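Chemist: build me a model:
(chains A and B)
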Amino acid sequence: MPKKKPQSRTTQKSPPVSFFNQPIHPHSAISANDFSVAEVRHILESADALEKENPIKRANRLAKRRVALLFYESSTRTRTSFELAAKALGADTTLVSALSSSIEKGESLKDTGITLKALGAECIILRSPYSGAPYLLARATGIPILNAGDGMAEHPSQALLDLRTILQFLGIRSSTVSEKSLRGVTLTICGDILHSRVARSNALLLPRLGAKVILCGPPQLLPEVAASIGPGLTIERDFDKALGQSQIVMMLRIQAERLAGLAIDLDDYRSRYQANAERIAVRLARALIMHPGPIIRGMEITSEVADGLQSAIANQVYNGVPIRMALVARALSTAPKKGSRR
Amino acid sequence: MNPAQKPLLIRGGRVIDPATGLDALRDLLFRDGKMAAIENPGKIRAPDAEIFNAKGMIVAPGLIDIHVHLREPGQGYKETIATGTAAAAVGGFTSICAMPNTIPINDRPEITRWIQADERGAAIRVFPIAAATRGSLGEALTDYAALKEAGAIAVTDDGKPILGDAIMLEALRAAAKLNLPVIQHAEDTRLTGGCSMNAGALAFRLGLRGMPVEAESGLVERDIALLKQVPNAHLHVAHLSTKRALDAVRNARRQGLHVTCEVTPHHFALTEDRIGLYDTNAKMNPPLRAESDRAAMTEGILDGTVDAIATDHAPHAAHEKEQEFERAPNGITGLETALGLAISVLHIQHKMPLGKVLALLTHRPAQALNLKGRGSLAPGFPADVVVFNPEGKWVFDAGQSRSRSKNTPFDGWELQGQVRLTMSEGRILFRD
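Modeler: Below is the predicted model:
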């Protein structure tokens, strides 16, 4: 064996802060828990103001600033509304999607982020099939990351636009939003909660404004541990019982692409958990029916209900643009952020 | 071995040799790569020897890690036998067992020999563990006799379980004839597809698929049932992480079955909470578990059920770990932090006597895997020794690690128990 000098401990230089300790830009929106209630109020007020603003004046707010949309999964509503929101503020947007970029050639998320930043992106809106991907991108780039959905984890802008829809239904003004705003309100989230980032973000956000949230679905799609992720959550397996206590119901589709071998008896599922006219008429005649989309007609929701007077589905989509304007404006603002929780 | 090496006299230290039960102030003389003499302080006359003053320090047999991934052949960008063994020496180890999941897999005697060849530049003794099945595919056994002849000390498909009942039974039978342990990575992969952490509330919150406890305990229970059918077989359970699997081992031992097991430092020092915001340096397989399982690992160590602390040192390059959590590879490095964690957590926090802690890093792993002539300071044994300051506090800086990879969840941790000298077969490899 070659003779070597004994080692000692202090000859190499250590690198700077390790990757996982890199700071997340405070104007990022990655989890619904990133916002304090005060900040939620601020975002809602900002959405109201931007919605009403003169479009010409509004388009000067972020004139020629650069926002990248990085989409590793397909999307209709979220991508379009983020893009419209950024453009309405005057920003230049560019869309990078998995199939038309170097991602196909094996470029990592980290390198893609560094590339977009080098091209002048001041904010990246990311959709990824991988839970937690926005944190990786935030650490790699240091710029604000807006989470447009990460795996099964979170979809915070959806939770905020759902909140705006709920507040409009209840006639609550943005400026009054507090920890008590949704006191006495019970909302049922029904369906494939295990695979739903929308469910997680709403379940984290709405109870913090005082709502009681009932999670409803079969055990394969709703494990018991789901209720432990935050306060104000309960599980009710019987959809009719859950509806009987609720003023609002949020339906979710079964995410066939994430089932990973889980076998679901769809006829049984429909009979137990479908939002159909009879069920709604009996239990929920004056309630609000929500769905983040895409809806699978005839599966978790019938056409009668989806297109009916109680449906807020189109309102939810509409609210996407003002909420996302507020998030993009916040991401690119230089002002210190109010009530940060991070 | 280098006979020209100057003799070394380690003076004034507290010598702990769990193999003989010795725990007293002694002087030790090492000559010609062997332990030459052990005497009361001041009794050894060796004018030609270099003197190392070990006053206030612990002198123990060189540490033994029976679960290391050295990545060679095939993945030298993560680690080589030279870099991995250098890191091991810094951590106080003088013998390590190399897992066979290299590229190609160590399923042939040529590869087993290649790993042990002088050209690899190993700083310390490397005992190869060979694949239990060809290509670790779980289909056909490798040639255990030839592999043993080439130097393999056990067989395993580590990284993957030996899943089929028939092939596991066959492995136990073939290994029993040769007195080889069969090491099982206990994971029922039919329950863990697409999973990247422990199952439970945190996995749900993070939107990650979770590995249930039963995936580990179920396979351990299956293996124990098979073991009952093969007299003289020896099952060694790698990196135990769940209370249920540990209970299965404990019960099997009470029934007189030859089952041994190891626990990693990260499974007694950390829980799944260390994942934080998707930190892939807390991603390994088996995953970090809940506090109840972590506490059970400590309990199993304290009550003697656990035979060895083994690191499952699994180096990965930064670009592999700086990926989405579900895409990043499993594993963390561990050779340089094992002793510090064992002392800080087991000895300081849990008041485990140092002799018992050291037994799990020396004599007992040597016994578990039949590493003949290792793990003791009795005269005639190889000059494998570690000297450390049991009171010495130090901060682990991953950036200064001797491993080629820096994927550790312990970067910046203050640990107690600082290695001052590591000598392997008479060669001083580390001195601080």
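Chemist: quick one: check stretch A:135-149 for contact with chain B.
Modeler: Yes. Using C-beta under 8 Å from any C-beta of the partner chain, stretch A:135-149 reaches chain B at A:135-136, A:140. Where you see a C-beta, it was placed from the backbone N, CA and C, and this is true even at glycine.
Chemist: of these, which belong to helices?
Modeler: Filtering the residues of stretch A:135-149 next to chain B for membership in helices, criterion DSSP state H, returns A:135-136, A:140.
Chemist: are any of those buried, and which?
Modeler: A:135-136, A:140 (16 or more other C-beta atoms under 10 Å in any protein chain shown).
Chemist: for those, which one is nearest chain B?
Modeler: Closest approach between those and chain B, by C-beta to the nearest C-beta: A:Tyr135, at 4.8 Å.
Chemist: enumerate every residue touching that closest one.
Modeler: Applying C-beta atoms under 8 Å, 6 or more residues apart in numbering or on different chains, we find A:Tyr135 in contact with A:24, A:30, B:277-278.
Chemist: repeat that for A:Thr302.
Modeler: A:274-277.
Chemist: so A:Ser178 makes contact with A:Leu209?
Modeler: Yes. Judged on C-beta atoms under 8 Å, A:Ser178 makes contact with A:Leu209 at a distance of 7.4 Å.
Chemist: mutual contacts of these two, please.
Modeler: Common neighbours of A:Ser178 and A:Leu209 (C-beta under 8 Å, 6+ apart) are A:Val37.
Chemist: more neighbours, those two?
Modeler: A:Leu209 (22 against 14; other C-beta atoms under 10 Å in any protein chain shown).
Chemist: that one contacts A:Ser181, correct?
Modeler: Yes. Applying C-beta under 8 Å, one finds A:Leu209 in contact with A:Ser181, separated by 4.8 Å.
Chemist: can you tell me the centre-most residue of chain A?
Modeler: A:His155 (1.6 Å; C-alpha atoms, centre = their mean).
Chemist: so what pLDDT did that one get?
Modeler: Per-residue pLDDT puts A:His155 at 98.
Chemist: thinking again about what came up before, can you list the ones in helices among the residues of stretch A:135-149 next to chain B in TSV and add distance to A:Arg79 and pLDDT?
Modeler: What follows is those, written out as TSV (distance: C-beta to C-beta, whole Å; pLDDT from 0 to 100):
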residue	distance to A:Arg79	pLDDT
A:Tyr135	21	98
A:Leu136	20	98
A:Ala140	22	97
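Chemist: could I get the full set of helices for the stretch 1-150 of chain A?
Modeler: Assigned by DSSP state H, counting those that start in this stretch, the stretch 1-150 of chain A shows helices spanning A:37-52, A:55-58, A:77-88, A:109-118, A:133-141.
Chemist: among those helices, which comes closest to A:Ile166?
Modeler: When the helices of the stretch 1-150 of chain A are compared by C-beta to C-beta, helix A:37-52 sits nearest A:Ile166, at 11.0 Å.
Chemist: contacts for that closest one?
Modeler: So helix A:37-52 is in contact with A:35, A:58, A:88-89, A:160, A:163-164, A:167, A:174-175, A:177-179, A:205, A:208-209, A:319, A:321-323, A:325-327, A:329-330, A:337-341, going by C-beta under 8 Å, 6+ apart.
Chemist: enumerate every residue touching the nearest residue to A:Asp92 once chain neighbours are set aside.
Modeler: Spatial nearest neighbour of A:Asp92, chain neighbours left out: A:Arg66 (5.2 Å); criterion: C-beta to C-beta, 6 or more residues apart in numbering or on different chains. Contact analysis of A:Arg66 by C-beta under 8 Å, 6+ apart lists A:91-94, A:119-122.
Chemist: in strands, which of these appear?
Modeler: The strands, defined by DSSP state E, take in A:92-94 from these.
Chemist: partners of B:Val259 in the sheet?
Modeler: For B:Val259, the beta-bridge assignment (DSSP bridges) gives partners B:Leu235.
Chemist: which ones are touching the nearest residue to A:Arg127 once chain neighbours are set aside?
Modeler: Nearest residue to A:Arg127, sequence neighbours excluded (C-beta to C-beta, 6+ apart): A:Ala148, at 4.2 Å. Going by C-beta under 8 Å, 6+ apart, A:Ala148 touches A:69, A:71, A:75, A:78-79, A:82, A:125-127, A:155, A:157.
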